[in-house]
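Engineer: Output the structure for:
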Amino acid sequence: MKRFKGRVAIVTGAGSGIGQASAVRFAQEGASVVLVDWSDVGLAGTESLMPEGTPVMRRVMDVADETAVAELVDAVISTFGQIDVLCNNAGISGSHPPITEQDVAEWRKILDVNLIGSMLFIKHVAPYMQVRKQGAIVNTASVAGIRSGAGGNAYSASKAGVINLTQTAACDLGGDNVRVNAVCPGLVETGMTQRIFDYAREQEKAHKLGSRCELRRYGVPEEIAAAILFLASNDASYITGQALAVDGGNTASLNLPGMKV
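Structural biologist: From the prediction side, this is the model:
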(Lines give C-alpha, C1' and ligand atoms only; values in the text may rest on other atoms or scores of the structure.)
Protein backbone atom coordinates (compact mmCIF):
# COMPACT_ATOMS: atom_id res chain seq x y z
CA MET A 1 0.00 0.00 0.00
CA LYS A 2 1.05 3.61 -0.60
CA ARG A 3 -1.35 5.33 1.78
CA PHE A 4 1.12 8.16 2.42
CA LYS A 5 2.38 8.89 -1.07
CA GLY A 6 2.91 12.64 -1.40
CA ARG A 7 2.67 13.18 2.35
CA VAL A 8 5.19 14.37 4.91
CA ALA A 9 5.48 12.72 8.32
CA ILE A 10 7.48 13.84 11.36
CA VAL A 11 8.45 11.02 13.72
CA THR A 12 10.10 11.80 17.04
CA GLY A 13 12.04 9.13 18.88
CA ALA A 14 12.79 7.72 15.43
CA GLY A 15 16.21 6.30 16.28
CA SER A 16 15.01 3.01 17.71
CA GLY A 17 12.08 0.84 18.73
CA ILE A 18 8.54 1.94 17.92
CA GLY A 19 9.69 5.24 16.40
CA GLN A 20 12.08 3.48 14.06
CA ALA A 21 9.51 0.89 13.01
CA SER A 22 6.95 3.64 12.36
CA ALA A 23 9.35 5.82 10.37
CA VAL A 24 10.39 2.90 8.18
CA ARG A 25 6.76 1.95 7.60
CA PHE A 26 5.85 5.53 6.64
CA ALA A 27 8.69 5.49 4.10
CA GLN A 28 7.58 2.12 2.73
CA GLU A 29 4.12 3.56 2.21
CA GLY A 30 5.41 6.50 0.22
CA ALA A 31 5.92 9.33 2.72
CA SER A 32 8.73 11.82 2.99
CA VAL A 33 9.95 11.36 6.57
CA VAL A 34 11.45 13.73 9.12
CA LEU A 35 13.43 11.78 11.70
CA VAL A 36 13.92 13.27 15.16
CA ASP A 37 15.93 11.75 18.01
CA TRP A 38 18.69 12.54 20.49
CA SER A 39 21.07 10.10 18.75
CA ASP A 40 22.31 10.66 15.21
CA VAL A 41 23.66 7.12 15.18
CA GLY A 42 20.13 5.84 15.75
CA LEU A 43 18.73 8.13 13.07
CA ALA A 44 21.32 6.98 10.56
CA GLY A 45 20.38 3.39 11.34
CA THR A 46 16.71 4.14 10.74
CA GLU A 47 17.40 5.89 7.46
CA SER A 48 19.46 2.91 6.29
CA LEU A 49 16.36 0.71 6.63
CA MET A 50 14.22 2.89 4.37
CA PRO A 51 13.58 2.29 0.68
CA GLU A 52 16.23 3.84 -1.54
CA GLY A 53 15.27 7.30 -2.69
CA THR A 54 13.03 8.13 0.29
CA PRO A 55 13.13 11.89 0.95
CA VAL A 56 14.48 12.16 4.51
CA MET A 57 15.39 14.93 6.92
CA ARG A 58 17.29 14.04 10.10
CA ARG A 59 17.47 16.23 13.20
CA VAL A 60 19.24 15.56 16.50
CA MET A 61 17.50 17.56 19.21
CA ASP A 62 15.81 17.74 22.59
CA VAL A 63 12.06 17.54 21.98
CA ALA A 64 11.46 19.64 25.11
CA ASP A 65 13.46 22.59 23.67
CA GLU A 66 10.80 24.87 22.21
CA THR A 67 13.27 26.91 20.16
CA ALA A 68 14.63 23.74 18.56
CA VAL A 69 11.11 22.46 17.86
CA ALA A 70 10.08 25.72 16.20
CA GLU A 71 13.25 25.80 14.10
CA LEU A 72 12.71 22.22 12.96
CA VAL A 73 9.11 22.85 11.95
CA ASP A 74 10.20 25.92 9.96
CA ALA A 75 12.86 23.81 8.23
CA VAL A 76 10.35 21.11 7.34
CA ILE A 77 7.98 23.64 5.81
CA SER A 78 10.83 25.28 3.88
CA THR A 79 11.99 21.91 2.55
CA PHE A 80 8.77 20.02 1.94
CA GLY A 81 6.11 22.74 1.97
CA GLN A 82 3.69 20.81 4.21
CA ILE A 83 3.30 18.54 7.22
CA ASP A 84 0.62 15.87 7.02
CA VAL A 85 1.44 13.60 9.95
CA LEU A 86 3.02 14.16 13.35
CA CYS A 87 4.02 11.09 15.32
CA ASN A 88 5.02 12.05 18.88
CA ASN A 89 6.93 8.96 19.96
CA ALA A 90 9.97 10.27 21.88
CA GLY A 91 9.94 9.11 25.47
CA ILE A 92 11.99 8.02 28.46
CA SER A 93 11.03 5.72 31.32
CA GLY A 94 13.09 6.59 34.42
CA SER A 95 13.51 4.56 37.59
CA HIS A 96 10.95 2.81 39.81
CA PRO A 97 11.42 3.91 43.44
CA PRO A 98 8.42 4.00 45.79
CA ILE A 99 6.53 7.28 46.00
CA THR A 100 8.23 8.21 49.28
CA GLU A 101 11.62 8.16 47.53
CA GLN A 102 10.77 10.03 44.32
CA ASP A 103 13.27 12.48 42.86
CA VAL A 104 11.77 15.77 41.65
CA ALA A 105 14.50 16.30 39.07
CA GLU A 106 13.72 12.94 37.47
CA TRP A 107 10.00 13.75 37.42
CA ARG A 108 10.70 17.02 35.61
CA LYS A 109 12.95 15.33 33.06
CA ILE A 110 10.37 12.63 32.29
CA LEU A 111 7.50 15.10 32.06
CA ASP A 112 9.60 17.38 29.84
CA VAL A 113 10.34 14.66 27.29
CA ASN A 114 7.17 12.60 27.39
CA LEU A 115 4.51 15.27 27.88
CA ILE A 116 5.89 18.76 27.26
CA GLY A 117 7.74 17.55 24.16
CA SER A 118 4.52 16.20 22.68
CA MET A 119 2.69 19.44 23.48
CA LEU A 120 5.41 21.57 21.86
CA PHE A 121 5.35 19.62 18.63
CA ILE A 122 1.56 19.85 18.47
CA LYS A 123 1.74 23.57 19.23
CA HIS A 124 4.12 24.29 16.35
CA VAL A 125 2.92 21.74 13.79
CA ALA A 126 -0.85 22.08 14.16
CA PRO A 127 -1.16 25.62 12.71
CA TYR A 128 0.16 24.38 9.36
CA MET A 129 -2.36 21.55 9.40
CA GLN A 130 -5.18 23.93 10.33
CA VAL A 131 -4.46 26.18 7.35
CA ARG A 132 -4.76 23.18 5.00
CA LYS A 133 -7.77 21.78 6.90
CA GLN A 134 -6.18 18.37 7.19
CA GLY A 135 -3.67 16.48 9.29
CA ALA A 136 -3.21 13.61 11.67
CA ILE A 137 -1.35 13.56 14.97
CA VAL A 138 -0.59 10.30 16.76
CA ASN A 139 0.90 10.35 20.25
CA THR A 140 2.56 7.35 21.83
CA ALA A 141 1.16 6.94 25.34
CA SER A 142 1.22 3.61 27.23
CA VAL A 143 -0.92 1.16 29.13
CA ALA A 144 0.90 2.69 32.11
CA GLY A 145 -1.22 5.79 31.51
CA ILE A 146 -4.40 3.70 31.80
CA ARG A 147 -3.71 1.62 34.92
CA SER A 148 -0.99 1.13 37.50
CA GLY A 149 1.61 -1.61 37.42
CA ALA A 150 3.04 -0.96 33.97
CA GLY A 151 5.62 1.69 34.85
CA GLY A 152 7.06 3.95 37.51
CA ASN A 153 5.16 6.84 39.08
CA ALA A 154 6.59 9.62 36.93
CA TYR A 155 6.42 7.64 33.70
CA SER A 156 2.84 6.56 34.35
CA ALA A 157 1.77 10.11 35.20
CA SER A 158 3.42 11.44 32.05
CA LYS A 159 1.63 8.91 29.86
CA ALA A 160 -1.72 9.60 31.52
CA GLY A 161 -0.99 13.23 30.65
CA VAL A 162 -0.33 12.28 27.03
CA ILE A 163 -3.73 10.58 26.86
CA ASN A 164 -5.46 13.66 28.25
CA LEU A 165 -3.43 15.94 25.96
CA THR A 166 -4.63 13.81 23.06
CA GLN A 167 -8.24 14.36 24.06
CA THR A 168 -7.99 18.10 24.68
CA ALA A 169 -5.96 18.71 21.52
CA ALA A 170 -8.50 16.72 19.52
CA CYS A 171 -11.20 19.07 20.81
CA ASP A 172 -9.12 22.14 19.94
CA LEU A 173 -8.26 21.01 16.42
CA GLY A 174 -11.25 18.96 15.28
CA GLY A 175 -13.03 21.94 13.74
CA ASP A 176 -10.15 22.25 11.28
CA ASN A 177 -10.23 18.55 10.36
CA VAL A 178 -7.03 17.81 12.27
CA ARG A 179 -7.29 14.50 14.08
CA VAL A 180 -5.40 13.65 17.27
CA ASN A 181 -5.18 10.12 18.64
CA ALA A 182 -2.89 8.04 20.83
CA VAL A 183 -1.64 4.49 20.91
CA CYS A 184 -1.07 2.83 24.28
CA PRO A 185 1.47 0.03 23.82
CA GLY A 186 1.70 -2.83 26.24
CA LEU A 187 4.93 -4.75 26.83
CA VAL A 188 7.10 -4.35 23.73
CA GLU A 189 10.78 -5.12 23.36
CA THR A 190 12.50 -1.80 22.65
CA GLY A 191 15.55 0.05 23.89
CA MET A 192 13.45 1.49 26.71
CA THR A 193 12.32 -1.90 27.96
CA GLN A 194 15.45 -3.86 27.08
CA ARG A 195 16.61 -4.15 30.68
CA ILE A 196 13.37 -5.96 31.56
CA PHE A 197 13.91 -8.46 28.77
CA ASP A 198 17.61 -8.89 29.54
CA TYR A 199 16.88 -9.52 33.23
CA ALA A 200 14.17 -12.08 32.43
CA ARG A 201 16.49 -13.95 30.10
CA GLU A 202 19.35 -13.88 32.60
CA GLN A 203 17.03 -15.34 35.23
CA GLU A 204 15.72 -17.92 32.75
CA LYS A 205 12.25 -16.40 33.00
CA ALA A 206 11.88 -15.30 29.37
CA HIS A 207 8.84 -17.55 29.05
CA LYS A 208 7.00 -15.28 31.49
CA LEU A 209 7.41 -12.15 29.36
CA GLY A 210 3.93 -11.10 28.30
CA SER A 211 2.27 -13.92 30.23
CA ARG A 212 -0.11 -11.46 31.94
CA CYS A 213 -1.54 -10.40 28.55
CA GLU A 214 -4.58 -12.16 27.15
CA LEU A 215 -2.56 -13.18 24.08
CA ARG A 216 0.13 -14.58 26.44
CA ARG A 217 3.01 -12.87 24.67
CA TYR A 218 4.77 -9.54 24.37
CA GLY A 219 4.61 -7.32 21.32
CA VAL A 220 7.13 -6.13 18.74
CA PRO A 221 7.59 -2.53 17.51
CA GLU A 222 6.16 -3.32 14.08
CA GLU A 223 2.80 -4.20 15.66
CA ILE A 224 2.60 -0.80 17.32
CA ALA A 225 3.74 0.91 14.13
CA ALA A 226 0.87 -0.73 12.25
CA ALA A 227 -1.62 0.85 14.66
CA ILE A 228 0.12 4.23 14.41
CA LEU A 229 -0.06 4.20 10.63
CA PHE A 230 -3.72 3.20 10.74
CA LEU A 231 -4.57 6.16 12.99
CA ALA A 232 -2.52 8.48 10.77
CA SER A 233 -4.17 7.28 7.57
CA ASN A 234 -7.43 8.10 5.85
CA ASP A 235 -8.67 4.70 7.01
CA ALA A 236 -9.15 6.38 10.41
CA SER A 237 -10.77 9.53 8.99
CA TYR A 238 -13.62 9.51 11.54
CA ILE A 239 -11.47 8.71 14.58
CA THR A 240 -10.14 11.43 16.86
CA GLY A 241 -9.56 11.94 20.58
CA GLN A 242 -9.07 8.22 21.19
CA ALA A 243 -6.43 6.23 23.09
CA LEU A 244 -6.04 2.83 21.44
CA ALA A 245 -4.54 0.12 23.64
CA VAL A 246 -2.26 -2.13 21.59
CA ASP A 247 -1.37 -4.48 24.40
CA GLY A 248 -2.34 -8.06 23.67
CA GLY A 249 -5.43 -7.60 25.82
CA ASN A 250 -3.51 -6.54 28.91
CA THR A 251 -6.03 -3.83 29.85
CA ALA A 252 -9.09 -5.87 28.90
CA SER A 253 -9.41 -7.61 32.26
CA LEU A 254 -8.10 -7.72 35.79
CA ASN A 255 -4.35 -8.07 35.70
CA LEU A 256 -3.27 -9.08 39.18
CA PRO A 257 -0.21 -11.25 39.83
CA GLY A 258 -1.08 -14.93 39.79
CA MET A 259 -4.43 -14.47 38.03
CA LYS A 260 -3.16 -15.57 34.63
CA VAL A 261 -1.11 -18.67 33.96
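Engineer: Show me where the protein has its strands.
Structural biologist: 8-12, 32-37, 56-60, 85-88, 135-140, 178-185, 243-246 (DSSP state E).
Engineer: okay, those strands in a markdown table with mean neighbour count and mean pLDDT next?
Structural biologist: All C-beta spots, glycine's among them, are computed from the backbone N, C-alpha and C. A markdown table is the format used below for the strands of the chain (neighbours: other Cβ atoms under 10 Å; pLDDT from 0 to 100):
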| stretch | mean neighbour count | mean pLDDT |
| --- | --- | --- |
| strand 8-12 | 28 | 98 |
| strand 32-37 | 27 | 98 |
| strand 56-60 | 17 | 98 |
| strand 85-88 | 29 | 98 |
| strand 135-140 | 27 | 98 |
| strand 178-185 | 26 | 98 |
| strand 243-246 | 20 | 96 |
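Engineer: So for Ala226, which of these sits nearest?
Structural biologist: For the strands of the chain, the distance to Ala226 is smallest for strand 243-246, at 8.4 Å, taking Cβ to Cβ.
Engineer: Show me what that closest one is packed against.
Structural biologist: Where contact means 3 or more Cβ pairs under 8 Å, 6 or more residues apart in numbering; DSSP states H and E, strand 243-246 is packed against helix 153-173, strand 178-185, helix 221-232.
Engineer: So which of these is nearest Ser78?
Structural biologist: With Cβ to Cβ as the yardstick, what comes closest out of these is strand 178-185 (21.1 Å).
Engineer: so where is this structure shaky, pLDDT-wise?
Structural biologist: By pLDDT under 70, the low-scoring segments of the chain are 190-211, 254-261.
Engineer: Would you map the helices across it?
Structural biologist: Taking DSSP state H as the test, the helices found in the chain are 17-28, 40-48, 66-80, 104-111, 117-132, 153-173, 194-202, 221-232.
Engineer: List the contacts of the closest residue to Ile110 other than its chain neighbours.
Structural biologist: Distance criterion Cβ to Cβ, 6 or more residues apart in numbering; nearest residue to Ile110, sequence neighbours excluded, is Ala154 at 4.4 Å. Ala154 is in contact with Gly94, Gln102, Glu106, Trp107, Ile110, Leu111, counting by Cβ atoms under 8 Å, 6 or more residues apart in numbering.
Engineer: for Gly91, same thing?
Structural biologist: Contacts of Gly91 (Cβ under 8 Å, 6+ apart): Gly13, Val113, Asn114, Thr140, Ser158, Met192.
Engineer: circling back to that earlier point, out of the helices and strands packed on strand 243-246, which one sits most buried?
Structural biologist: Neighbour counts (mean count of other Cβ atoms under 10 Å) averaged over each of those peak at strand 178-185, with a mean of 26.
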